[in-house]
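# I'd like to go over a predicted model; first the sequence, then the structure.
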Amino acid sequence: MFEKDYLMRMFLQLGYILRKSWLGHFDNSFEELEEIENAIGDAVDMDHKLMFSLTPESVVSMLQIGDFDPELGGYIVRALFYEADLLEKLGRIGTADLRRAQANAIAEAYSVDVSIADASPEALEEYFKQLEEPT
């Protein structure tokens, strides 16, 4: 398992990229998708190009043999659903469907209770706000 400092850095990095995306701070859609995929790959400690080329079952298998920390599950599933929405808006339906299937497989494997609705910009903002509040 990862140490808490590493987890916090991954949470913050992913949150930063997603916020940047929904606030429209990318110059183009390609850059936006690349940044999101890089952040997800960094968070799961896997090359993003490899990860996103795998079937949903293979993604889970790779995470299970690696150092994936289940605490990242909620972030990763939300980010995958968010990216799927962006891909769909660009007409990349097949890739969007794959991302949703990958998200669902991770959610099931790690008992993450997250739905597609949890990946809207408003829901993500609320999610990150709650995580940043001191406990």
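Now that the structure is in, tell me what you want to look at.
# compute the number of surrounding residues for residue 65.
Neighbour count for residue 65, taken as other Cβ atoms under 10 Å: 8. In short, each C-beta sits where N, CA and C put it, glycine included.
# residue 59 too?
When neighbours are counted by other Cβ under 10 Å, residue 59 comes out with 26.
# that one and residue 126, how far apart?
Look at residue 59 and residue 126: by Cβ to Cβ, to the nearest Å, they are 27 Å apart.
# can you check residue 104 too?
22 Å.
# repeat for residue 67
Taking Cβ to Cβ, one finds residue 67 at 29 Å from residue 126.
# do residue 72 as well
For residue 72, the distance to residue 126 equals 19 Å [Cβ to Cβ].
# comparing these two, which shows the higher neighbour count?
residue 72 (24 against 12).
# which strands or helices does the longest helix belonging to the chain pack on?
Criterion DSSP state H: the longest helix present in the chain is helix 4-22. Judged by 3 or more Cβ pairs under 8 Å, 6 or more residues apart in numbering; DSSP states H and E, helix 4-22 is in contact with helix 29-44, helix 73-89, helix 121-132.
# can you show me the CA trace of the next helix or strand after the longest one as CSV?
If you walk from helix 73-89 toward the C-terminus, the next helix or strand you reach (DSSP states H and E) is helix 93-109. Output in CSV follows, covering the C-alpha atoms of helix 93-109 (Å, rounded to 0.1, in the frame of the first residue of the first chain):
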residue,chain,number,x,y,z
ILE,A,93,-18.6,6.6,-28.4
GLY,A,94,-16.6,3.3,-28.5
THR,A,95,-13.8,4.7,-26.3
ALA,A,96,-16.3,6.3,-24.0
ASP,A,97,-18.1,2.9,-23.5
LEU,A,98,-14.7,1.3,-22.8
ARG,A,99,-13.9,3.9,-20.1
ARG,A,100,-17.3,3.3,-18.5
ALA,A,101,-16.8,-0.4,-18.6
GLN,A,102,-13.3,0.0,-17.0
ALA,A,103,-14.8,2.3,-14.3
ASN,A,104,-17.5,-0.2,-13.6
ALA,A,105,-15.0,-3.1,-13.4
ILE,A,106,-12.8,-1.2,-10.9
ALA,A,107,-15.9,-0.1,-8.9
GLU,A,108,-17.0,-3.7,-8.6
ALA,A,109,-13.6,-5.2,-7.8
